[in-house]
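Colleague: Let's see this in three dimensions:
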Amino acid sequence: MPLLRRRVHAATLRPISALVVGSWLTLCALFFAASSATTRAESTRTESKDSAQSVVRRAALIVHDLDASRRFYQDILGFEVWLENNGKVTADSLPSEAPLGANSRFLIMKGKHPWIGMVGLLEYGASRPLPKTPQRLRPGDAILMIETDDVYAVYRRMQAAGTPILKPPKTQEVTGAGGVRWDATFLFAWDPDGHLLEVNQRGPVRKSEPAEPSPAAAAGAPGARAVASAEVMLRREFFDGRHGQLHLRRAMPRQTTGLVPPVVLLHQTPLSGRMFSELLPELGRSRLVLAPDTPGYGESAGPAAPPSVADYADALHDLIADQKEPVDLVGYHTGALLAAEIAVRHPESVRRLVLISMPFFDAERRASLRTDTPLAEDGSALLAEWKSTMSVRPLGQSLEQAARLVAEKQRAGTRASYAMAALASYDAAPMLRSIRVPTILIAPKDGLAANTAAAAALIPGSKLIDMPQWSYGFFDADPAGTARVILEALDKPSGDQPGL
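Modeller: Residues are numbered from 1 along each chain as shown. Sure, this is the predicted structure:
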């Protein structure tokens with residue numbers, strides 16, 4: 001399925017547009033460059049007065065023969081019909097040569113993105129003979145830029161259909177923003193109405209700049225992984241949520257790498273999105289990644305009273321809905337339960353679901369969960385927490401990283417047990433049976449492998465992946481391997497996905 005962009009050469013503009021958008025990554029990158037977000041708790045997200053406030057979601061082409069245009073965009077370029085309307089030309093119609101009462105036909109063709117990059121095909125009156133292929137471009141013409149996964153397959157279909165080809169596929173090096181370089185293959189051809197198309201396929205970004213240390217490495221943590229700052233932007237910001245400001249971490253490629261949905265990471269409680277500090281730059285090489293702090297944890301404002309599982313899910317979904325497109329949702333431990341709840345309550349917002357270490361407990365186990373957070377003047381609770389963390393610390397996790405986890409657990413204070421209390425009163429079995437989005441469960445060797453397998457047995461069409469080589473702290477111990485497994489789960493062709 002292709003992605004369409006538009007280049008208006010006459011005005012030397014490259015807008016974010018529905019017909020012509022790089023990808024949601026480009027959209028996010030440009031928006032982020034124009035607006036600023038501070039990490040101070042008392043600040044809010046601010047926008048420059050020059051920030052882009054609009055996005056063109058769709059461009060409509062007035063066509064001679066709608067059926068011919070439909071065959072071209074559907075059979076050759078791989079778009080699908082998203083909407084089809086037939087009507088009559090009225091006094092309220094857009095001005096055209098068709099008389100009042102004549103037929104009007106309108107199609108919206110959709111590429112792989114759910115709402116950016118659509119093409120409208122509009123025919124007023126009876127179909128007319130197709131025009132001759134233009135010989136040159138003139139002021140006012142537009143070049144439609146289409147990004148595809150297989151430019152040579154498009155080229156073969158064009159040749160078989162007799163599409164006028166201006167330039168066959170050719171590969172060359174491209175230099176983008178910030179000096180990032182990659183190889184791209186370009187094909188130029190004409191559609192049935194004489195619109196020039198630039199069809200391109202991106203190659204991998206060339207790694208030509210030295211890597212800079214990740215946040216943990218910059219702090220001197222032994223064993224921390226290096227991340228190429230030339231490839232990934234890392235930011236922290238706040239989102240205005242229903243319980244106050246929701247804190248989140250954001251990672252994204254500096255240069256778009258194709259059309260892929262955002263990834264949202266939901267953490268274990270009483271930790272925060274900080275537990276993904278080493279994973280974020282790994283996933284951020286190819287995806288926009290958001291790691292929010294659940295309300296009441298990390299730096300997110302907390303609810304006034306203990307919430308339910310549904311309350312937590314809806315509060316986190318507010319951030320997801322603000323992305324304006326379905327996301328890939330990844331949850332760990334408590335975050336896995338909340339991710340599953342979001343997928344059931346808001347299936348339109350979740351493309352795929354990855355649940356790691358699912359806390360699916362029976363009534364007896366739920367009744368035994370600790371739902372209070374005692375504090376002691378002598379600090380004995382802190383020492384117990386430290387010893388507990390050290391007892392399961394894996395190879396590859398530094399003392400600095402382990403200390404960071406222990407410290408993060410203290411942020412919520414006496415509210416630290418709110419999420420566990422919500423879990424204790426919640427029978428997840430009906431919810432798990434109701435999941436209808438493609439779901440993969442991953443079972444590390446961390447005490448919840450059997451629970452995760454039991455959850456997988458209830459989720460229709462789900463797939464279970466055993467990862468006995470992962471133990472506690474694997475996000476710190478092996479972020480590159482963790483990212484690889486997650487991306488492989490998310491990037492499988494839709495035909496191989498469970499739940500479809």
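Colleague: out of everything not next to it in sequence, what's closest to Q159?
Modeller: I165 (7.4 Å; Cβ to Cβ, 6 or more residues apart in numbering). For the C-beta atoms, the positions are set from N, CA and C on the backbone; glycine is no exception.
Colleague: Can you give me the buried ones in the helix or strand T452 falls within?
Modeller: In this assignment (DSSP states H and E), T452 forms part of helix 449-458. Across helix 449-458, burial judged by 16 or more other Cβ atoms under 10 Å covers A449, N451, T452, A454, A455, A456, L458.
Colleague: ditto for stretch 422-429
Modeller: A422, L423, A424, Y426, A428.
Colleague: follow-up on the earlier one: CA atoms only for the helix holding T452, dumped as CSV, please.
Modeller: Listed in CSV are the C-alpha atoms of helix 449-458, where the atom choice follows Å, rounded to 0.1, in the frame of the first residue of the first chain:
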residue,chain,number,x,y,z
ALA,A,449,5.2,-16.7,32.4
ALA,A,450,2.3,-19.0,33.4
ASN,A,451,-0.1,-16.0,33.9
THR,A,452,0.8,-14.7,30.5
ALA,A,453,0.2,-18.1,28.8
ALA,A,454,-3.2,-18.3,30.6
ALA,A,455,-4.1,-14.8,29.3
ALA,A,456,-3.1,-15.8,25.7
ALA,A,457,-5.4,-18.8,25.9
LEU,A,458,-8.4,-16.4,26.4
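Colleague: Can you tell me what sits against it?
Modeller: 340, 355-361, 428-429, 432-433, 441-443, 462-464, 466, 468 (Cβ atoms under 8 Å, 6 or more residues apart in numbering).
Colleague: I'd say K88 and N103 touch.
Modeller: Yes - at 6.5 Å, K88 counts as touching N103 under the criterion of Cβ atoms under 8 Å.
Colleague: Next up, the contacts around L338.
Modeller: Taking Cβ under 8 Å, 6+ apart, we find L338 in contact with L266, T294, V309, Y312, A313, L316, G331.
Colleague: make that L383, sorry
Modeller: Neighbouring residues of L383 by Cβ under 8 Å, 6+ apart: there are none.
Colleague: buried set for the host helix or strand of it?
Modeller: In this assignment (DSSP H and E), L383 forms part of helix 380-391. For helix 380-391, a neighbour-count test (16+ other Cβ under 10 Å) marks T389 as buried.
Colleague: Which is the succeeding secondary structure element to it?
Modeller: Taking DSSP H and E, what comes next after helix 380-391 is helix 399-408.
Colleague: Please report the distance of the residue with the largest distance to the centre of the chain from D92.
Modeller: For the chain, the largest distance from the centre (Cα atoms, centre = their mean) belongs to P99, which lies 45.9 Å off. Separation of P99 from D92 (Cβ to Cβ, to the nearest Å): 15 Å.
Colleague: G140 now?
Modeller: 26 Å.
Colleague: again with A449
Modeller: Using Cβ to Cβ, A449 is found at 63 Å from D92.
Colleague: Give me the domain ranges for this structure.
Modeller: Partitioning the chain according to automatic domain parsing yields domains covering residues 3-21+56-206, 212-496.
Colleague: which residues touch S69?
Modeller: Taking Cβ under 8 Å, 6+ apart as the contact definition, S69 lies against L61, V63, L107, L121, D191, P192, D193.
Colleague: Skipping adjacent residues, who's closest to the last one in space?
Modeller: Read that as D193. Spatial nearest neighbour of D193, excluding adjacent residues (Cβ to Cβ, 6+ apart): V63 at 5.2 Å.
Colleague: Kindly report the same for the third one.
Modeller: Spatial nearest neighbour of L107, excluding adjacent residues (Cβ to Cβ, 6+ apart): L121 at 4.5 Å.
Colleague: Just say helix, strand or coil for that neighbour.
Modeller: Classification of L121 into helix, strand or coil gives strand, according to DSSP: H, G, I helix; E, B strand; the rest coil.
Colleague: tally of neighbours for it?
Modeller: Here the neighbour count serves as a burial measure; for L121 (other Cβ atoms under 10 Å) it reads 26.
Colleague: Would you check that it makes contact with R70?
Modeller: Yes - here L121 lies in contact with R70, judged by Cβ under 8 Å, at a distance of 6.4 Å.
Colleague: between those two, what contacts are shared?
Modeller: In the contact map built from Cβ under 8 Å, 6+ apart, the residues linked to both L121 and R70 are L107, M109.
Colleague: Next, the contact list for T133, please.
Modeller: T133 is in contact with P164, W190, G194, counting by Cβ under 8 Å, 6+ apart.
Colleague: what residues are up against the nearest residue to the second one once chain neighbours are set aside?
Modeller: Closest residue in space to W190, ignoring its immediate chain neighbours: P164 at 4.4 Å, by Cβ to Cβ, 6+ apart. By Cβ under 8 Å, 6+ apart, the contact set of P164 is T133, A189, W190.
Colleague: related to what we said a few turns ago, of the contacts of T133, closest to G117?
Modeller: Distance from G117 was checked for each of the contacts of T133 by Cβ to Cβ. The minimum falls on W190, at 19.8 Å.
Colleague: Would you check that the closest one makes contact with L197?
Modeller: Yes - between W190 and L197 a contact is recorded at 6.9 Å, counting by Cβ under 8 Å.
Colleague: The two: who's more crowded?
Modeller: Neighbours per residue, other Cβ under 10 Å: of W190 and L197, the larger number sits with L197, 22 against 18.
Colleague: Point out the other helices and strands that the helix or strand hosting the more buried one packs with.
Modeller: Of the helices and strands defined by DSSP H and E, L197 is found in strand 196-206. Contacts defined by 3 or more Cβ pairs under 8 Å, 6 or more residues apart in numbering; DSSP states H and E place strand 196-206 against strand 143-147, helix 151-161, strand 181-190.
Colleague: ok, and what's touching the last one?
Modeller: Contacts with strand 181-190, where a contact means Cβ under 8 Å, 6+ apart, come from 133-134, 151-152, 154-155, 158, 163-176, 196-206, 208, 255.
Colleague: got the contact list for the residue nearest to Q159?
Modeller: I165 is in contact with Y155, M158, Q159, L187, F188, A189, counting by Cβ under 8 Å, 6+ apart.
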